[in-house]
Every structure is written in C-alpha cells, then in structure tokens.
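**Student:** Give me a 3D structure for the following:
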Amino acid sequence: MTFPVGINVGQFFSGPPPRWGERVRRIEDLGFDGIWFAEAYGSDVFTPLAWCAARTTRVRLGTAVAQIPARTPAATAMAAATLDHLSGGRVVLGLGASGPQVSEGWHGVAFPRPLARTREYVGVVQQVLARERPLTYDGEFQQLPSPGGTGLGKPLRSSLHPLRPSLPIQLGAEGPRNVALAAEIADGWHAMFFSPHDDERYRQALAAGFARRPGGRPENFEVVATVPVVVDGDVERAADRVRPDLARYLGGMGARGANFHHDVFARRGHAELAARVQDLYLRGEKRAAASAIPTAVVEDVALIGPARKIREDLGRWESTVIDSIAVQGLPDDLDAVAQALLA
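**Tutor:** Take a look at the predicted model:
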C-alpha cells in the first residue's frame, strides 16, 4: 500500500449508523487515515466531525464536501477554524457547489455560474483563515462589508486566531473545468467516480489549473478519491451492492440535463448507458436501473471482490494522480476492508 486510506461515511440517513461510537473508534484503531462526511439536505457536515474529534486522536477529519450554498464563506471558515483548534489541527475543508436542485430548492441560493461563485467563496475563506487584515471583498457574488442594509457594516478580523492559517482547502469536482479550478486556487481535489482509465484527462485538467497558479503546483496539493469498496468472494454479489448507489447518482441526483454525476459517465464513453439508467430511474424503475449497470462499469470506479483481487486492482489506482482514497460509506465489515486495503 503506497497511499493512505480513509472512510467517507457520507451523510446520515434516518439517523446515525448502528454502533456508531464503537465503529468510529474502530476506524482509528485499524489504521485508517481519516474520517470524511458529506451533506445534502439532511444531516450537516461539521457536527458529526466535531463528535468524532472528541472520540479520536489521530485521524484526519474532512468535509467531502461542505456545501457552498449552505453557509456564508465566513461561517464556513469559522466552523473549520474552530474544529481545527478542538481537534489539534486535523481538519481538511472540502468545499463543493452542490447542484441546482439542492442549492435553489433547499438553501434558496441561485446556482448559475458555480465556478465563479466557488472562486469568490474560496477567496473569502482563505482571507478569514489567513487573518492578515480585516475582511473585505469586492466581487460579483461576495461583497464585504455588505453594500446594503444599515450601512454600518465594517471590515472585521476573526477574533479567533486560526491554529493553521494554511488549513487545507479541497474542492469537490467532477468536470474538467472544476478540476482545473481546484488546481488553480485550492490545496487539493476531492474526486468522485474517478476511473484510472481517465487518468490522462484528469492530469490535463490539473495541469491547466496549475499553469494559472503562481508558482505552479504546490508541494502539498492532494488528490483524494472517494471509492466504493466491497470485500466479497463473489464479484457479482459485490457488484450488486454497488449498483443501486451508482444508479441513484446516475439517474436520480439532480435533474435531467443537470446531473453532473451522469455527465462523468457520459464523458467516459457511457453516454447511452447513462441515459438508459437515468430514464429507468426517473420512471421509478430503480431496480431495473441498477441492473442495467454492467459489472465492468462498476469495476471501473469501485474496488470489489475478494481481498486479493482488490489489492491487485488497487495497483491501477496507485499509478494515477490519486494520492489517497476514502472508502465510500461506512462498511459493515471494517476489519475486512482494512485487511484488503491496509495490509
């Protein structure tokens, strides 16, 4: 094993997973590198990380990702800086634009021009964390102090001295322009549905972003991929555990014509398959949508099967731009996953 492996718990559905406290401590005891959380329109991303910070001592604590429309950039910087103090400097702040359904339907924030919004948002977060001067920003989407209201707003400097002014910021990105933006303005890229077959395309997107960055690629830039992992002696049975989730992302996340996960597979040469899965899923035929996904497509983005096969397949990832992986979801068989990936 040449790179670190963490666990991306994702978000809570209905409630926290069974034996939650025990399993969090087990993640650290087994030697996993980090614990990551996501958010959509239910559980938030910072509260469970704070809970984990109180019960662990070593693992990194990452947002994968914190939604940009969910909070002002200053509020996000406050949460990350506070948690970084409480955890002893273990936070990785992953940020993402979400999608139009959640941004506009749940948070009430307009979605158009997500790259420009992300650029300004990250700029404000970086200013807050750097704490070099009182906060001001004159952008299209971020104006600080606000030009409206009472007119009494004034530039402020964080009263909290960040433990690490260089607290790492990663961008969750799937499209080439978003990946290039991560390389240009952030400290890392958190990938989803990464395929080793697309490595050269991603290298080109990263290179384009680094070319726009003063000084080029920083030494500490990290590429993390969230990857489904299922340890099972039967490959088909393992694939069946991944298919429903893939179908949900390809078919049901976002709207028709505005599903960025769907677009990843279309760019990869699976446009016809992605369209079929989406049609089935949106008609409510979720089982048929999952069954339509070939095992080879599952294996392209996931590590499945016996432990020995997983270790062999992992070699394809180790030769790509990926620096570390985060296992998607909280596995029931944490020990088996650790033996397959950390041995």
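
**Student:** ranges for the helices of the stretch 1-150 of the chain?
**Tutor:** With DSSP state H, counting those that start in this stretch as the criterion, the stretch 1-150 of the chain has helices at 20-29, 46-53, 73-87, 100-105, 114-130.

**Student:** got CSV for the ones you listed, with mean neighbour count too?
**Tutor:** For every residue, glycine as well, the C-beta is placed using N, CA and C. Written out in CSV, the entries for these read as follows (neighbours: other CB atoms under 10 Å):
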stretch, mean neighbour count
helix 20-29, 16
helix 46-53, 19
helix 73-87, 21
helix 100-105, 17
helix 114-130, 20
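
**Student:** Of those, which shows the lowest average pLDDT?
**Tutor:** Across the helices of the stretch 1-150 of the chain, the stretch with the lowest average pLDDT is helix 100-105; it has a mean of 93.

**Student:** Is R213 in a helix, a strand, or coil?
**Tutor:** coil (DSSP: H, G, I helix; E, B strand; the rest coil).

**Student:** Would you mind measuring from the nearest residue to it once chain neighbours are set aside to L206?
**Tutor:** The spatial neighbour of R213 that comes closest, neighbours along the chain excluded (CB to CB, 6 or more residues apart in numbering), is E184 at 5.1 Å. For E184, the distance to L206 (CB to CB, to the nearest Å) stands at 9 Å.

**Student:** Look at those two and report which has more neighbours.
**Tutor:** When E184 is set against L206 and neighbours are counted by other CB atoms under 10 Å, the residue ahead is L206, at 21 against 18.

**Student:** Shouldn't that one be within a helix?
**Tutor:** Yes. Read with three-state DSSP, L206 is one of the residues of a helix.

**Student:** Apart from its chain neighbours, what residue comes closest to it?
**Tutor:** Closest residue to L206 in three dimensions, ignoring its sequence neighbours and counting by CB to CB, 6+ apart: A183, at 4.5 Å.

**Student:** Which element, helix or strand, includes the one you found?
**Tutor:** Per DSSP states H and E, A183 falls inside helix 176-185.

**Student:** just how off-centre is the next helix or strand after that helix within its chain?
**Tutor:** Once the chain leaves helix 176-185, the next helix or strand it forms, by DSSP H and E, is strand 188-192. For strand 188-192, the gap between its own C-alpha mean and the chain's C-alpha mean amounts to 6 Å (CA atoms, centre = their mean, to the nearest Å).

**Student:** One more: stretch 286-302?
**Tutor:** Stretch 286-302 has its average C-alpha position 21 Å from the chain's average C-alpha position, going by CA atoms, centre = their mean.

**Student:** again with stretch 130-144
**Tutor:** Relative to its chain's centre, stretch 130-144 lies at 25 Å (CA atoms, centre = their mean).

**Student:** That stretch: end-to-end distance?
**Tutor:** 16 Å (CA to CA, to the nearest Å).

**Student:** what comes up buried for that stretch?
**Tutor:** In terms of neighbour count (16 or more other CB atoms under 10 Å), stretch 130-144 has its buried residues at 131, 135, 137, 141-142, 144.

**Student:** Now tell me what touches it from outside.
**Tutor:** Defining contact as CB atoms under 8 Å, 6 or more residues apart in numbering, one finds that stretch 130-144 is touched by 73-74, 116-117, 120-121, 123-124, 127-128, 145, 153-158, 161-162, 165.

**Student:** Kindly recompute the last result at 10 Å.
**Tutor:** Outside stretch 130-144, the residues within contact range by CB atoms under 10 Å, 6 or more residues apart in numbering are 72-74, 77, 81, 109-110, 113, 116-121, 123-124, 127-128, 145, 147, 153-162, 165-167.
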